[in-house]
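# model the following, please.
(2 chains)
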Amino acid sequence: MTKSMKSAHKVIKELEKRKTPIVRIDKSLDKYRNVVLFPDKLEKANEMLRTVGLPKQWIK
Amino acid sequence: MKSNYPLSAEDNLKIFEFISEGPNGLIKKMIQFTPTNLHGFYILAFGDKDSKTGELDDLSISNNNDTKRILATVAAAVYAFTDKYSDAWIYATGSTKARTRLYRMGINKYFSQVRNDFEILGQTEKHWEAYEKDKDYGGFLVRRKKIKTRSK
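Numbering: from 1, shown residues only, chains lettered A, B, ... in the order given. Next up, the predicted model:
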């Protein structure tokens, strides 16, 4: 295996170990920026805040 | 962790899109980390995008036999989001109790890996507590753990 092949192999192995994915930036998704796509979830979060509140870890 | 679907995102990394593949064909799905008036508190939601109307639905069951891969993809999006927003708290709950149970199963499956990277809290009826695998929760809060810097 040549030096460059070894280097490429190492990069591939490192990429496979990454938990953070490589993400493609898609400008067509910009139109959703100021839109709440799932308003029901927002209501569920508000309900959680009313009944349970934030964890003490939040305050730290 | 099971391989995730390829992800696209807008450049603030708060909205992601991917395509589920299976017996019911190609189904576009979207993930959103919705900011709130609480600084650093985001709500995680995802669902199917109707190819004709563009409408989103987090209640639909697409039956594409790829639940595990979808969960891995959502987890990958959480890693990408928290790489950028390292102090963010992310709240997740299912649109139904069954969905919330599914998320719990997903966390349990990868617990040994994710707990190294995230603080995970489970929501009971009255309070938040450190996540335990065998307990039933109504929702989840996760935050990326800080990387300890090595002393020179």
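# from here on, contacts and neighbour counts on C-alpha atoms
Noted.
# so where is chain B shaky, pLDDT-wise?
Applying pLDDT under 70 to chain B flags residues B:1-2, B:53-55, B:58-62, B:147-152.
# how about the residues of it near chain A?
Contact residues, chain B versus chain A (CA under 8 Å from any CA of the partner chain): B:6-11, B:14-16, B:32, B:34, B:43, B:45-46, B:56-58, B:76-77, B:79-80, B:83, B:91, B:93, B:95, B:123-129.
# now those: which count as buried?
Among the residues of chain B next to chain A, those classed as buried by 16 or more other CA atoms under 10 Å in any protein chain shown are B:7-11, B:14-16, B:32, B:34, B:43, B:45-46, B:56-58, B:76-77, B:79-80, B:91, B:93, B:95, B:123-124, B:128-129.
# taking these one by one, which sit in helices?
Counted as lying in helices by DSSP state H, out of those, are B:Ala76, B:Ala77, B:Tyr79, B:Ala80.
# could you find the closest non-adjacent residue to the last one?
Just to be clear, that refers to B:Ala80. Spatial nearest neighbour of B:Ala80, excluding adjacent residues (CA to CA, 6 or more residues apart in numbering or on different chains): A:Thr20 at 5.3 Å.
# give the burial count for that neighbour, as a bare number.
When neighbours are defined as other CA atoms under 10 Å in any protein chain shown, A:Thr20 has 17 of them.
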